[in-house]
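*Asks:* this one's structure only:
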Ligand code: CP3
């Protein structure tokens, strides 16, 4: 089906656009009362993720209610470690929790090898097919996965962490084990993202939320090396790499075979453009905290960001996921400022 609004895809490919496209990381769920109403009918987050009808419904909510230029499939990066054999719970007010973690060679046995993603992640693929049908070509649908390094962090740590020191410890004390685990995650992620495209995803994003806790050299060896394998395996589709906090790795990220680099708010658009050159689209990077400000402040900060763009190769977004206590009306001010801005 032909898309009615393909601004996001054109901006990613570096084609002509009439205005900059805008969407928000973590737009599905979190901030919308309409999301919480659907969630309240269910046993919890996982039931929502695993029921394609509900996942499709909350994926489309921000398109209807906020007017974003792209939808992102409602799921989580943690479905991949679960498919590999490590089940998780999403604990209210606390976040994810895995009963089993991988910190030794023996614990690698917890991992199921050669899994069939069509089988184990069928609920995500079905949610994508259903969402595509219900979107009826209004906007593109973004599929996603966690980048291998960030997924390793959750598999090793078993929960969130401020330092992820168990994961970083593994890189120094058992680097072969870390590489073996990263390769397993990479293989599953390639099959999973390919399946998402087959199911109807129009674009893909890799979330490397914990990229910034590694030094440059380590991020290249344990992070970018695997992202490159993934990007190379899935050519020809708008593909965004969001490596949060990886400022000094930007030149290396710029050499990846992807269309788009996501930037967090610590990165200067000017410096990023110089490092990334014109061959890639930049996505981002308003500080999510701007949305706590007055309407006027949001308009001014958003316009300042838009004015800093030196080419059309931009997709507007926040520098990280929208925070859960942000008023959806403030998000609309941000979105409408972008939509009314003349290139
Ligand atoms: O972007 C979207 O709107 C699509 C859905 C989406 C979710 N998680 C739903 C979710 C996406 C893209 C993610 C990605 C994700 N999940 C990341 C990478 C992006 C980032 O923020 O850095 C990470 C690190 C996770 C892991 C995760 N999932 C954590 C740490 C938590 C708990 C804290 C939190 O963020 O709320 C989750 C839970 C989660 N994933 C929720 C949602 C809507 C909240 C759960 C609920 O509704 O109770």
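*Replies:* Structure's in. What do you need? Worth saying up front: this structure is predicted, and the values here are computed from it rather than measured.
*Asks:* Going by C-alpha atoms from here, please, whenever you check contacts or count neighbours.
*Replies:* OK.
*Asks:* Please work out which residues outside stretch 185-194 touch it.
*Replies:* By C-alpha atoms under 8 Å, 6 or more residues apart in numbering, the surrounding residues in contact with stretch 185-194 are 80-81, 115, 117-118, 121, 143-145, 148, 151-152, 204, 226-227, 229-230, 233-234.
*Asks:* the strands in the stretch 201-343 of the chain, which residues?
*Replies:* Counting by DSSP state E, counting those that start in this stretch, the stretch 201-343 of the chain forms strands over residues 203-208, 239-243, 260-262, 281-286, 314-318, given from the N-terminal end onward.
*Asks:* nearest to residue 111, of the ones you listed?
*Replies:* Shortest distance between residue 111 and these, using C-alpha to C-alpha, is found for strand 203-208: 21.3 Å.
*Asks:* for the ligand, what are the nearby residues on the stretch 201-343 of the chain?
*Replies:* By the rule C-alpha under 6 Å from any ligand atom, the part of the stretch 201-343 of the chain lying against the ligand is 207, 209, 321.
*Asks:* ok, now with 5 Å
*Replies:* Within the stretch 201-343 of the chain, the positions adjacent to the ligand are residue 209 by C-alpha under 5 Å from any ligand atom.
*Asks:* residues near residue 198, how many?
*Replies:* The burial count assigned to residue 198 is 13, neighbours taken as other C-alpha atoms under 10 Å.
*Asks:* Equivalent analysis for the one 10 residues further on, please.
*Replies:* Applying other C-alpha under 10 Å, we find 24 residues neighbouring residue 208.
*Asks:* Residue 133 now?
*Replies:* Residue 133 is flanked by 13 other residues according to other C-alpha under 10 Å.
*Asks:* Skipping adjacent residues, who's closest to residue 147 in space?
*Replies:* residue 208 (4.9 Å; C-alpha to C-alpha, 6 or more residues apart in numbering).
*Asks:* Contacts only, for that neighbour.
*Replies:* Applying C-alpha under 8 Å, 6+ apart, we find residue 208 in contact with 146-150, 241-244.
*Asks:* Show me which of the residues you listed is closest to residue 341.
*Replies:* Of all those, the one sitting nearest residue 341 is residue 242; the distance, using C-alpha to C-alpha, is 24.8 Å.
*Asks:* The closest one - how many residues pack around it?
*Replies:* Residues contacting residue 242 under the criterion other C-alpha under 10 Å number 26.
*Asks:* Residue 84 too?
*Replies:* By other C-alpha under 10 Å, the burial measure for residue 84, its neighbour count, is 20.
*Asks:* Contact partners for it?
*Replies:* Under the criterion of C-alpha under 8 Å, 6+ apart, the neighbours of residue 84 are 111-113, 115.
*Asks:* Would you show me how to pick out the buried ones of those in ChimeraX?
*Replies:* To isolate the buried members of the contacts of residue 84 in ChimeraX, using 16 or more other C-alpha atoms under 10 Å:
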select :111
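*Asks:* Reformat the contacts of residue 84 as TSV; add secondary structure and pLDDT.
*Replies:* Converted to TSV, the contacts of residue 84 look like this (DSSP: H, G, I helix; E, B strand; the rest coil; pLDDT from 0 to 100):
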residue	secondary structure	pLDDT
111	coil	98
112	coil	97
113	coil	94
115	coil	97
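*Asks:* can I get the contacts of residue 84 in TSV with distance to residue 135?
*Replies:* Formatted as TSV, the entries for those read as follows, by distance: C-alpha to C-alpha, whole Å:
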residue	distance to residue 135
111	36
112	35
113	35
115	30
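*Asks:* Kindly provide the distance from residue 14 to the ligand.
*Replies:* Distance, residue 14 to the ligand, using C-alpha to the nearest ligand atom, to the nearest Å: 23 Å.
*Asks:* about what we covered before: please tabulate the contacts of residue 208 in JSON lines, including the columns pLDDT.
*Replies:* Formatted as JSON lines, these follow (pLDDT from 0 to 100):
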{"residue": "146", "pLDDT": "98"}
{"residue": "147", "pLDDT": "99"}
{"residue": "148", "pLDDT": "99"}
{"residue": "149", "pLDDT": "98"}
{"residue": "150", "pLDDT": "98"}
{"residue": "241", "pLDDT": "98"}
{"residue": "242", "pLDDT": "98"}
{"residue": "243", "pLDDT": "98"}
{"residue": "244", "pLDDT": "98"}
